[in-house]
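1. Mind looking at a prediction? Sequence and model below.
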Amino acid sequence: MKTTASRLVSLLLCLTLAGCGGGSAATSTLPSNLRGLPNLGATCFVNAALQVIAHSPTLRARAAANWPQLGLEAFFQAYDSGQPQALLTALQGVVGALRASAGYASCAGAGSLASLWDNGLAADPPGLALGAYSVTDPAQIPQQLAQGQREFLMAVAQVGGTVTGGPLDYASLASPQQLQALVYNTGGHYVAYLSQAGSWYALDDAQVSAVTPQALAALPIGLGVGFELAVYSSP
């Protein structure tokens, strides 16, 4: 679902990325292992999470083992094969399984990136239990990296009516050379960003385009708008 604010951010994305769909020159430079995922109806948060997980062998194994009934193994095989119909069928299977568990039908509330990524398996609905680390102070990140923590969930921390933290901007993220993936919340819509061979790519549902660190740094930041998830590699 896209609010007026998220549509404005989407326009900014179009201007700062490779032109909202990209021309033939931009498309020809995209890595062959990146796949766009169609939005099946308010499934942007699912697509963003799957993009991040699909490009991490560790996260693949953990996610598939934690919630086997989602059919993630079949999805990953279809993603790797690059066959559009097989990938669509596998994605429909994952989304159907999620929707069979109440709470994942929308990009808001219980159907958020946070609940999908890290809810415990005993929760209702269950999540992938991928071990995210909630952080409101970016200065904590290097210490957590040194302790072996890789995944960080950038979520608003609210106590009563007081907001104590929120999604972060690109400039605040520590150790950029170790960043492997990011998920940005436009305020109602999720976009995944992946780093490969020193270059960044935006995966906005079915659209895949190149993006520069400067464009990432220019993305707006505010309450409910900014990077919610950052995945780091080991040094």
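-> Perfect, thanks for sending it. Source: prediction; values computed, not measured.

2. Not counting residues beside it along the chain, what's closest to Val225?
-> Gly187 (4.5 Å; C-beta to C-beta, 6 or more residues apart in numbering). No exception for glycine: its C-beta is placed from N, CA and C like everyone else's.

3. Distance of the one you found relative to Gly226?
-> 9 Å (C-beta to C-beta, to the nearest Å).

4. Kindly report the same for Leu30.
-> 25 Å.

5. ok, residues contacting stretch 141-153?
-> Applying C-beta atoms under 8 Å, 6 or more residues apart in numbering, the contact partners of stretch 141-153 are 58-59, 114, 117-118, 130-135, 173-175, 178, 228-235.

6. can you do 7 Å?
-> 114, 117-118, 130-135, 174-175, 178, 228-232 (C-beta atoms under 7 Å, 6 or more residues apart in numbering).

7. still on that earlier bit, so for Leu30 and Gly226, which residue has more residues nearby?
-> Gly226 (21 against 17; other C-beta atoms under 10 Å).

8. Make sure that one is actually in contact with Tyr170.
-> No - the criterion here is C-beta atoms under 7 Å, and Gly226 misses it with Tyr170 at 8.8 Å.

9. okay, and the common contacts of these two?
-> Counting by C-beta under 7 Å, 6+ apart, Gly226 and Tyr170 have no common neighbour.

10. looking at this protein, which helix or strand is least sure?
-> helix 24-27 (a mean of 37; mean pLDDT, DSSP states H and E).

11. Packing partners of the helix or strand just after that one?
-> Using DSSP states H and E, the next helix or strand after helix 24-27 towards the C-terminus is helix 44-54. Counting contacts by 3 or more C-beta pairs under 7 Å, 6 or more residues apart in numbering; DSSP states H and E, helix 44-54 packs against helix 57-66, helix 72-81, helix 113-118, strand 179-185, strand 190-196.

12. One more pass at 6 Å, please.
-> helix 57-66, helix 113-118, strand 190-196 (3 or more C-beta pairs under 6 Å, 6 or more residues apart in numbering; DSSP states H and E).

13. Export those as CSV, with columns for mean pLDDT, distance to Gln83 and mean neighbour count.
-> Conversion of those to CSV gives the following (pLDDT from 0 to 100; distance: least, C-beta to C-beta, whole Å; neighbours: other C-beta atoms under 10 Å):
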stretch, mean pLDDT, distance to Gln83, mean neighbour count
helix 57-66, 92, 18, 17
helix 113-118, 84, 25, 22
strand 190-196, 96, 20, 23
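
14. I'd like to know which of those lies nearest to Gly36.
-> Checking the helices and strands packed on helix 44-54 against Gly36 by C-beta to C-beta gives strand 190-196 as the closest, at 10.6 Å.

15. Let me see the residues that make contact with the helix or strand just after the closest one.
-> Downstream of strand 190-196, the next assigned helix or strand under DSSP H and E is strand 199-204. The set of residues external to strand 199-204 that reach it, using C-beta atoms under 6 Å, 6 or more residues apart in numbering, is Leu17, Leu34, Gln51, Val191, Ala192, Tyr193, Leu194, Ser209, Ala210, Val211.

16. Fine by me, thanks again.
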